[in-house]
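Participant: predicted coordinates and the sequence they were generated for:
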There are 2 protein chains.
Amino acid sequence: MAPRARLRGLGDNARMRISARADYAVRAALLLAGAEGAEPMKAEAIADAQEIPHKFLEGILNDMRRGGLVVSQRGIRGGYRLARPGAEISVADVVRAVEGPLVSVRGVRPPELAYSGPAESLLPLWVALRANVRHILEGVSLADIAAGRLPDFVHALAQDPAAWSNP
Amino acid sequence: MAPRARLRGLGDNARMRISARADYAVRAALLLAGAEGAEPMKAEAIADAQEIPHKFLEGILNDMRRGGLVVSQRGIRGGYRLARPGAEISVADVVRAVEGPLVSVRGVRPPELAYSGPAESLLPLWVALRANVRHILEGVSLADIAAGRLPDFVHALAQDPAAWSNP
DNA sequence: AAGCTTCCCTACCCTTTTCGTAGGAATTCG
DNA sequence: CGAATTCCTACGAAAAGGGTAGGGAAGCTT
C-alpha cells in the first residue's frame, strides 16, 4: 500500500473546480459500470477499491440514488447497481446529481444574469463556456471511460501535450 | 423528490463556478478597455458604473495590478488604466490574476492526479475539459467583448438556443 | 422470529473560501 | 499644505467543503 501523499492545507484556489464529491461520485459510478450484470456492489467495497472515505461515499451514493442514477438494495445481499446501462449515463449526469448545475456565475446560472455597458457581451461568453463544458461532460459516458475509449473529440483534446502543462 | 430550497443570490451550489471576484474583475477590465487613451479611471467610478461594492473592487484592482494587467496612479488625478491594449488581454488572464488556476480537481491541477482501475481514463477527461475551458477563455480578449464581437468559434456556441436553457 | 448486514437519515464538526467592511498609511496633484 | 486617491492590513459573518458519528429501517438467512 503506497502511502499516498495527500497534500492539502495549502490554499490552492481555483474557481472552476471539480470537487471531491464529484470526483468520488464519478469513480464510484465507474466501478458500478464495471460490475454491470453482477451482484450489487456494497458501498464499503467501492470505498476500499477507490480509497474513498466510506461514510462520505454513502452520502454520495444516496444523492445518486435520489437522482435516479443508481438503485440500492438493503440487507445482507444488498448494495448498489446502476439504474441504466453505463453507456446511457454521462459524466454530466453524475456531476449534476451530486452538485447541481455544472456552471454558475456568482451563484446563478448564466441566463439569469444581466450586464450593462461594455460588459453586455460577457453574457454570451459565459453561455458559450457553459455550452462547451456541457458538450464535453454530456458527450462522455461511464462506459466510454470504463472501456478506456473516450470519444474522438475528447481524445483529441487530451492528446495535445499543451493540455497537460500547468502555466 | 423534494427540490432543494434555493435562496436567491448566494447559496447556490455549483462546482464549475465563476466567482463574484472573477466576474467583477472582468467587468472592471472591460470598462478600462473602453476608456483606453482617456484619463485613468477611478475605482469608485468603475464601482458605480457596474454596481460593484467599491472597497471590494479596490482589492480586485490591486490583484490585477500585481498581475501586471493594470497600472495605477495615486493622487487627485489618479485611477487605473490597462497595462496593455485590451486586444492583448484575455479573459483567462483576468481570471487567473484574481483567482489562480482555471480548473482544479479536488484542489489540485489535473496532471497531479492518479487514478486506478476503471477510473484510469478519467484523467484525460479532466485534462480535456481544462483544455477546452482554456481554449475559450484564452481565445477571447477584452477588446472582443467590449466591441461586442466574440470570435466565431465562441459566437457559434452562444448562438445555439440550447445553450441558453437550464435543464 | 432473531440476528445479521446493509442501506438510509440526521446531526454535528472543523477548516477554508467567499464576499465583503473598516480604518488608516502612502502618494500625488494643485 | 491639503485634498483626493490608491494601497495595505485586519477583521468578520456566512457558506461551502470534506468528513465523522450514531442510530433507525429494511432485507436476507437461518
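Facilitator: Now that the structure is in, tell me what you want to look at.
Participant: going forward, measure contacts between C-alpha atoms and count neighbours the same way
Facilitator: Fine.
Participant: need the phi and psi values for A:S72.
Facilitator: phi -120, psi 160 (degrees, to the nearest 10).
Participant: beta partners for it?
Facilitator: A:Y80 (DSSP bridges).
Participant: mind checking how far it is from A:A25?
Facilitator: 15 Å (CA to CA, to the nearest Å).
Participant: more crowded one of the two?
Facilitator: A:A25 (24 against 17; other CA atoms under 10 Å in any protein chain shown).
Participant: I'd say that one and A:R96 touch.
Facilitator: No - the pair A:A25 / A:R96 is not scored as a contact, 10.3 Å apart, by CA atoms under 8 Å.
Participant: which stretches in chain A count as helices?
Facilitator: A:20-34, A:43-50, A:54-66, A:91-99, A:122-139, A:142-146, A:152-159 (DSSP state H).
Participant: and the last one with chain B, contact?
Facilitator: Yes - with CA under 8 Å from any CA of the partner chain as the criterion, chain B is reached by helix A:152-159 at A:V154, A:H155, A:L157, A:A158.
Participant: check what pLDDT the first one gets.
Facilitator: When you say that, I think you mean A:V154. Listed pLDDT for A:V154 reads 97.
Participant: look up how far A:H155 lies from the nearest residue to it once chain neighbours are set aside.
Facilitator: Counting by CA to CA, 6 or more residues apart in numbering or on different chains, B:A128 is the residue found nearest to A:V154 once chain neighbours are left out, at 6.0 Å. With distances taken as CA to CA, B:A128 is found 7 Å from A:H155.
Participant: cool, and A:P85?
Facilitator: 22 Å.
Participant: repeat that for A:R74.
Facilitator: From A:R74 to A:H155 the distance is 39 Å (CA to CA).
Participant: looking at those two, which one has more neighbours?
Facilitator: Counted by other CA under 10 Å, A:R74 and A:H155 do not tie: A:H155 has more neighbours, with 15 against 9.
Participant: residues contacting the more buried one?
Facilitator: Residues in contact with A:H155 (CA atoms under 8 Å, 6 or more residues apart in numbering or on different chains) are B:P124, B:L125, B:A128.
Participant: between those, which sits nearest B:G78?
Facilitator: B:A128 (43.3 Å; CA to CA).
Participant: residue contacts, the closest one?
Facilitator: A:V154, A:H155, A:L157, A:A158, A:A163.
Participant: for A:L137, same thing?
Facilitator: A:L137 touches A:S90, A:V91, A:A92, counting by CA under 8 Å, 6+ apart.
Participant: tell me the spacing between the nearest residue to the second one once chain neighbours are set aside and DNA strand C.
Facilitator: When you say that, I think you mean A:V91. Excluding its sequence neighbours, the residue lying closest to A:V91 (CA to CA, 6+ apart) is A:L137, at 5.3 Å. According to CA to the nearest atom of the strand, to the nearest Å, A:L137 and DNA strand C sit 22 Å apart.
Participant: likewise A:K42?
Facilitator: In terms of CA to the nearest atom of the strand, A:K42 sits 3 Å off from DNA strand C.
Participant: swap in A:A83?
Facilitator: 12 Å.
Participant: returning to that earlier point: of the contacts of A:H155, closest to A:L113?
Facilitator: Of all those, A:L113 sits closest to B:A128, with 27.5 Å by CA to CA.
Participant: I'd guessed A:V71 sits against A:R65; true?
Facilitator: Yes - A:V71 is within contact range of A:R65, at 5.8 Å (criterion: CA under 8 Å).
Participant: count of neighbours near A:R21?
Facilitator: If we define neighbours as other CA under 10 Å, then A:R21 has 19 of them.
Participant: show me the contacts for it.
Facilitator: Contacts of A:R21 (CA under 8 Å, 6+ apart): A:I60, A:V98, A:E99.
Participant: give me the subset of those residues that also touch chain B.
Facilitator: Checking these against chain B (CA under 8 Å from any CA), the matches are A:E99.
Participant: I'd like the contacts of A:R21 as JSON lines, with distance to DNA strand C and pLDDT appended.
Facilitator: Compiled in JSON lines, the contacts of A:R21 are given as follows (distance: CA to the nearest atom of the strand, whole Å; pLDDT from 0 to 100):
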{"residue": "A:I60", "distance to DNA strand C": "9", "pLDDT": "98"}
{"residue": "A:V98", "distance to DNA strand C": "14", "pLDDT": "96"}
{"residue": "A:E99", "distance to DNA strand C": "15", "pLDDT": "93"}
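Participant: out of the contacts of A:R21, who has the most neighbours?
Facilitator: Of the contacts of A:R21, with other CA under 10 Å as the count, A:V98 tops at 27 neighbours.
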